[in-house]
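Colleague: sequence first, predicted coordinates after that:
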Amino acid sequence: MIREALIALAVATALPAFAQQAEIALPSGRLVTFHDSIRDDAGETLRFRFLEPDLGMVVEFVPYASLEADMRFLCEIYALDRLDGAASTQIFISISDRPVEFGTQDPDAAQVFEAYRPEDGACIWEGF
């Protein structure tokens, strides 16, 4: 009985980790997984970072308009639902082929990102 309880506890503890690793299908047909989110100290900027191991190859062959459409999709279907009432004025969506520590450079990593402004339930692109 103790063994079953320990197994149940291990499974319950692991479920959030598995939930975070669920693949998200993008409009282009590609798949990404959520990596993490980072809020700045003022709470105005929120970054959602996703992983796609094949991104290096994707950026060579997929038009950037398709990549941006996928990032806008992630902003609207993923990020907006997770603002938790915060007054975020800017949302960054990034996709990379591997985890990269925030604020550091990794010249071997493929990365794409865009900034959006949440407005009336939509993500408005903010090119910079």
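Modeller: It's in. Residues are numbered from 1 along each chain as shown.

Colleague: can you give me the strands in the protein?
Modeller: 23-25, 31-39, 45-51, 90-96, 111-119, 122-125 (DSSP state E).

Colleague: wait, Val32 sits on Pro53?
Modeller: No: using C-beta atoms under 8 Å, Val32 is not in contact with Pro53, being 9.6 Å away. Where you see a C-beta, it was placed from the backbone N, CA and C, and this is true even at glycine.

Colleague: the more surrounded of the two?
Modeller: The neighbour comparison of Val32 against Pro53 (other C-beta atoms under 10 Å) goes to Val32, with 22 against 14.

Colleague: count of neighbours near the spatially closest residue to that one that is not a sequence neighbour?
Modeller: Once flanking residues are discounted, Val32 sits nearest to Phe50: 4.2 Å by C-beta to C-beta, 6 or more residues apart in numbering. Using other C-beta under 10 Å, Phe50 has 23 other residues around it.

Colleague: likewise for Pro63?
Modeller: Using other C-beta under 10 Å, Pro63 has 9 other residues around it.

Colleague: hey, which helix or strand in this structure has the poorest pLDDT?
Modeller: helix 2-20 (a mean of 40; mean pLDDT, DSSP states H and E).

Colleague: look up how far Pro99 lies from the residue nearest to Val32.
Modeller: For Phe50, the distance to Pro99 (C-beta to C-beta, to the nearest Å) stands at 11 Å.

Colleague: repeat for Arg39
Modeller: 18 Å.

Colleague: next one: Tyr64
Modeller: 23 Å.

Colleague: pLDDT below threshold where in this structure?
Modeller: Scanning the chain with the threshold set as pLDDT under 70 gives 1-21, 84-87, 128.

Colleague: how about a cut-off of 90?
Modeller: Counting by pLDDT under 90, the chain shows low-confidence ranges at 1-21, 39-44, 81-89, 103, 120-121, 127-128.
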